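**Student:** pasting the sequence and the predicted model now:
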Amino acid sequence: MSAPKAPRPVTPASILAQQLEQLLRLAESIPGTDASLLSGLQQASRLAGGLDPYLNQHSSPASPDLQALEKRTLAHDWRSQADDPGAPEPEMLSGQVEGQLLQFLVHATRACDILEIGMFTGYSALAMAEALPTGGRVVTCELNRDVAAFAQESFATAKHGAKIDVRVGPAQETLLQLAAAGEAFDLVFIDADKAGYRSYLDTLLTHDLITREGLICVDNTLMQGQPWATDQPTPNGRAIDEFNRAVAEDPRVEQVLLPVRDGVTLIRRTEADR
Ligand SMILES: C[S@@+](CC[C@H](N)C(=O)[O-])C[C@H]1O[C@@H](n2cnc3c(N)ncnc32)[C@H](O)[C@@H]1O
């Protein structure tokens, strides 16, 4: 059996870096390529390719538990499920910089009750749990039973794993169950199926699953640059473009789209909607 594939670039910056690197190699292979074109491509490739390493080096390191969870996720062979739609792949894991951002958001909002929609192997859930005070909790939704079991093995040995409550099943059903139980959350991280984003946001707002002052954080809102850089977006690219437009036109909320990793949108209710 061959070794698992190396992670592929999945953010606008890393895709740009890869494309510039390929263009540079091509230009270098053509005899007589203009020296100023080569040096311009070298500089552009260095600028794009150095960004993510620089961000990693100058952000606080992840905890030993998070580093172990990431290592375990990358070492696992996910190919047995590769034919399933929405199959798990290591590139789903958010990682150090986004994990730090989430931890800052937990601290800044003084959140105690957090909801996550889309857990995968639990990196972002554990990152947020680590930033919670004693008594705080992360309720996290995951559709894939195997992935949920994998995450729970990591939580069982992690210092803050006991703060995490995993709900296996379609997130929309879990949201309605939580609403029926009168639950409300200070911070919500949406990172599941992209086609579901619009209904997740709507359910959070209409069922008051997000508190009046609560913060909603949505991942992959740049979707590899597809909303603006391709004429043939994938279904995920189309779903994110539609989601971003819907959020921008929704009078109930205000938002900012940050170019962190594959795009992170922060959303809160407008003053009038609180
Ligand atoms: C991008 S991954 C989450 C990554 C994770 N937040 C992290 O930072 O490591 C998306 C996850 O959402 C799950 N998912 C997809 N559709 C779902 C649904 N309808 N309900 C719940 N989870 C879903 C997938 O199985 C996958 O594990």
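**Tutor:** Yes, it's here.
**Student:** in which helix or strand would I find Gly40?
**Tutor:** Taking DSSP states H and E as the criterion, Gly40 maps to helix 35-57.
**Student:** which non-adjacent residue is nearest the residue most central in space within the chain?
**Tutor:** In the chain, the residue lying closest to the centroid (C-alpha atoms, centre = their mean) is Asp219, at 4.1 Å. Spatial nearest neighbour of Asp219, excluding adjacent residues (C-beta to C-beta, 6 or more residues apart in numbering): Asp191 at 4.0 Å. Backbone N, C-alpha and C define where each C-beta goes, glycine included.
**Student:** thinking again about what came up before, got the buried residues for the helix holding Gly40?
**Tutor:** 41, 44-45, 48-49, 52 (16 or more other C-beta atoms under 10 Å).
**Student:** and what of stretch 149-160?
**Tutor:** Result for stretch 149-160 [16+ other C-beta under 10 Å]: buried residues 150-152, 154-155, 158, 160.
**Student:** turn the residues you listed into JSON lines, columns for pLDDT.
**Tutor:** Output for the buried residues of stretch 149-160, formatted as JSON lines (pLDDT from 0 to 100):
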{"residue": "Phe150", "pLDDT": "97"}
{"residue": "Ala151", "pLDDT": "98"}
{"residue": "Gln152", "pLDDT": "98"}
{"residue": "Ser154", "pLDDT": "98"}
{"residue": "Phe155", "pLDDT": "98"}
{"residue": "Ala158", "pLDDT": "98"}
{"residue": "His160", "pLDDT": "98"}
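**Student:** now the residues you listed in TSV, please, with extra columns for secondary structure and distance to the ligand.
**Tutor:** As requested, the buried residues of stretch 149-160 are arranged in TSV below (DSSP: H, G, I helix; E, B strand; the rest coil; distance: C-beta to the nearest ligand atom, whole Å):
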residue	secondary structure	distance to the ligand
Phe150	helix	10
Ala151	helix	9
Gln152	helix	13
Ser154	helix	11
Phe155	helix	13
Ala158	coil	14
His160	coil	15
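**Student:** tell me the contacts of the residue nearest to the centre of the chain?
**Tutor:** 94, 98, 118, 124, 189-191, 261-264 (C-beta atoms under 8 Å, 6 or more residues apart in numbering).
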